[in-house]
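Engineer: Need a 3D model of the sequence below.
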Amino acid sequence: MRTVAVIGAGKMGEALLSGLLRAGWAPEQLLAADQSEARVKALTERYGIRFVTSEEAAATADVVVVAVKPQDAAQLLTRIGPGIPEGTLIVSICAGLPTAWFARYLPDTTPVVRVMPNTPALVSEGMAALSAGAHATSDHLDIVEELFRPLGRTVRVPESQQDAVTALSGSGPAYFFYLVDAMIEAGVMLGLPRDIASALMIQTAVGSAIMLRETGEHPAKLREAVTSPAGTTIAALREMDNHAVRAAMLSAIEAARDRARALASDLA
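Structural biologist: Next up, the predicted model:
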């Protein structure tokens, strides 16, 4: 019976724990560690899982998920690294930290898998990108996919692409919320009550995302299906092009990628 320890029971750590329980894992298979006593109490009452020290979690679990803030990872790994048994799989969801960084603190040949999830994991609709470190095999990636499957979908990428993943899907929900917020504000400006504008845009966003996923069509083709000659949609799209919305989005995501690289360099 495989055991999983989550060190750092914040939102994403909790999402992983609750997802595993929904997927049929027994509470006895799960361990958690967190510095906040209030957080420990709340999650113990909510899920019935056992909270232990970080050192005990690292020493006893088959899989250790490091879910702390990147700036706290060095201090944590310094404490738990020497006590990690040979063969323990380390899973990092610390944004920006490469697997080679973890190797400094871990026993030789310890397998590390880097994961970039996103916040829709909180509603089981997340996207997680997985990358294997030097000593991680396809079997290790299979294990990590099993862990994250209850939170949404997964994809495997070379670790060299993780900064791009962070910029695109890791930060992506914020871009999406930004655009939806702007469209709701536009509805209010046009005279709609805010609750009606919100309901219209939220369902439109959900339906459009499902269409993209279920039809498999290119987004340009789906966009063209809504765009009648000389109609309202093409007038709006022309105005977006006049304001370089597409170019702004490309530049914004590139800036996020560059920032991800800079943060990794600062923590290295």
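Engineer: Could I get the full set of strands for the protein?
Structural biologist: Chain-ordered strands for the chain, with DSSP state E as the definition, fall at 4-7, 30-33, 50-51, 63-66, 89-92, 112-116, 126-132, 152-156.
Engineer: Quick one: those as TSV, columns for mean neighbour count and mean pLDDT too.
Structural biologist: C-beta coordinates here come from the backbone N, C-alpha and C atoms, glycine included. Formatted as TSV, the entries for the strands of the chain read as follows, by neighbours: other C-beta atoms under 10 Å; pLDDT from 0 to 100:
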stretch	mean neighbour count	mean pLDDT
strand 4-7	26	96
strand 30-33	24	94
strand 50-51	16	92
strand 63-66	25	98
strand 89-92	25	98
strand 112-116	27	98
strand 126-132	23	98
strand 152-156	16	98
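Engineer: Could you report the separation of the most far-flung residue of the chain relative to its centre from Arg238?
Structural biologist: Relative to the centre of the chain, and counting by C-alpha atoms, centre = their mean, the farthest-placed residue is Ala230 at 40.6 Å. In this structure, Ala230 and Arg238 are separated by 11 Å, where distance is defined by C-beta to C-beta, to the nearest Å.
Engineer: Kindly report the same for Glu214.
Structural biologist: 29 Å.
Engineer: what sits against Leu222?
Structural biologist: Ser208, Met211, Leu212, Thr215 (C-beta atoms under 8 Å, 6 or more residues apart in numbering).
Engineer: out of those residues, which one sits closest to Glu56?
Structural biologist: Proximity to Glu56 was ranked across these by C-beta to C-beta; first place goes to Leu212, at 44.3 Å.
Engineer: And for the residue nearest the centre of the chain, nearest residue in space, chain neighbours not counted?
Structural biologist: When the chain is reduced to its mean C-alpha position, the closest residue under C-alpha atoms, centre = their mean turns out to be Pro117, at 1.6 Å. Beyond its immediate neighbours in the sequence, the residue positioned closest to Pro117 (C-beta to C-beta, 6 or more residues apart in numbering) is Ala128, lying 4.3 Å away.
Engineer: Quickly list what that neighbour is bridged to.
Structural biologist: With beta bridges defined as DSSP bridges, Ala128 has these partners: Thr154.
Engineer: my guess is it meets Ala121, correct?
Structural biologist: Yes - using C-beta atoms under 8 Å, Ala128 is in contact with Ala121, at 7.1 Å.
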